[in-house]
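Can you look at this prediction? I've put the sequence above it.
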Amino acid sequence: MKKAISLAAVICAFCSMAFASDSKYSFSAIEGVSLPTGGEWASNSVPLGDNLSYDGSAFTSISGDYNFNKNLAAGMELGRSYGYSPDMLLLCTNGRVSISQFTPYAKVSTSIGILKPYGIIGAGLYSVDMQDLNSIILPGYVVHQGFTPKDYFGFNVGGGVLYPISNSFDLGVDLRWHHICSNISQYNPLTTGSDHIAINNINIGVKLQFNTGK
């Protein structure tokens, strides 16, 4: 929580700098789906029953850009994936994982006709929260213990393309790969032990951007 408050203070300072500058700044919101990929974290990457892997989650992010010029910007993104559901596991329930994201980033943009493609790279704090995995037939019995939010370093890279829908608003798509250096303990039903895994997700979303200073 203290880290989140500190990051919020950084965002406020960032926004104040943007308001004080003659340079244009912008704000964005993204809604979409986050899909686990690669390694034991992803449901499509391991043999059936090898471990408790996860399906996708809805996610939301908001961000603010400080535009140094028409091609280069820096900003801060706050995001939340609401709950990755574990694959069906016999006689068990819950075990969902949620992830919060606090990542500064750099963005490079260009123009191709009316379209505005961009590339982006960010790195910072990812906070991972896992529910207990409970038994259905034994009420109150915890098959695998979850944990309160744990903070890890992570990074993301990707890009997108925007289309102007008015003088101040752009609409488009954003595609990003997120890697979290989590090394979290993941339940393995074959051994009833735990595997240590890193988290990799592909986030695909619809992006709405508000531009000022035009």
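Now that the structure is in, tell me what you want to look at.

Who does residue 78 form a beta bridge with?
Beta-bridge partners of residue 78, counted by DSSP bridges, are residue 62, residue 102.

Report how many residues lie close to it.
17 (other CB atoms under 10 Å). Every C-beta, even on glycine, is put in place using the N, C-alpha and C of the backbone.

Pretty sure it sits against residue 102.
Yes - Residue 78 is in contact with residue 102 according to CB atoms under 8 Å; the separation is 6.0 Å.

and the gap between residue 71 and residue 117?
Distance, residue 71 to residue 117, by CB to CB, to the nearest Å: 11 Å.

Repeat that for residue 103.
Computed as CB to CB, the residue 103 to residue 117 distance reads 21 Å.

Next, the contact list for residue 92, please.
Contact analysis of residue 92 by CB atoms under 8 Å, 6 or more residues apart in numbering lists 86, 133, 134, 135, 136, 143.

same deal with residue 205?
30, 31, 32, 33, 59, 61, 173, 174.

So it lies in a helix, does it not?
No - with DSSP: H, G, I helix; E, B strand; the rest coil as the criterion, residue 205 is located in strand rather than a helix.

So what pairs up with it in the strands?
What pairs with residue 205, by the bridge criterion (DSSP bridges), is residue 32, residue 174.

one step back: quick one: which of the contacts of residue 92 is nearest to residue 110?
Closest approach to residue 110 among the contacts of residue 92 (CB to CB): residue 86, at 41.2 Å.
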